[in-house]
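Student: here you go, sequence then predicted model.
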Amino acid sequence: MNVGIIGAGLIGKTLAKKFSAAGHHVTLADARGVAAIQDVAQQAGAHAVELAAVGQDVQVLLVSIPFGAIPDLGSADNHRSQSKAAATCQKARKETFVFS
């Protein structure tokens, strides 16, 4: 399976490593650009690509970026076609939720 991951932080690189170890082809993208994540991608067994290319030829697209950065990313639909699944993978932060 071809997997695209947006976000090369702790969660994104861990997912990339796990999917690669399971035999999947993984592309990894980050707002910092290819050069900044090349070592992370290589260590995870993934291929570093630009954000615009991460959704090409993948069956699953995972978004693993800080919750507050999601508006800057735009819609996941910009990175995938209708034949693909998209999911977000984020660490919940206490200040993200409002309790009354």
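Tutor: Okay, I see it. Not measured: the values here are computed from a predicted model.

Student: average pLDDT for stretch 37-47, rounded please.
Tutor: The average of the pLDDT scores along stretch 37-47 is 96.

Student: give me the buried positions along that stretch.
Tutor: Residues of stretch 37-47 classed as buried: 37, 40-41, 44-47 (neighbour count, 16 or more other C-beta atoms under 10 Å). All C-beta atoms are positioned from the backbone trio N, CA, C, and that covers glycine.

Student: and the furthest pair within these?
Tutor: 37 and 45 (13.4 Å; C-beta to C-beta).

Student: what segments of this protein are strands?
Tutor: For the chain, the strands defined by DSSP state E occupy 2-6, 25-29, 47-48, 60-63, 85-88.

Student: so which of those comes closest to residue 17?
Tutor: Of those, nearest to residue 17 by C-beta to C-beta is strand 25-29, at 8.6 Å.

Student: distance between the closest one and the chain's centre?
Tutor: 8 Å (C-alpha atoms, centre = their mean, to the nearest Å).

Student: under the pLDDT cut-off, which ranges of the protein? List them.
Tutor: Scanning the chain for pLDDT under 70 picks out 71, 74-100.

Student: need the buried residues of stretch 37-47 in TSV with distance to residue 19, can you?
Tutor: TSV is the format used below for these (distance: C-beta to C-beta, whole Å):
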residue	distance to residue 19
37	16
40	14
41	12
44	9
45	9
46	8
47	12
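
Student: residue 41 contacts residue 16, correct?
Tutor: Yes: Residue 41 is in contact with residue 16 according to C-beta atoms under 8 Å; the separation is 6.9 Å.

Student: between those two, which contacts overlap?
Tutor: 8, 28 (C-beta atoms under 8 Å, 6 or more residues apart in numbering).
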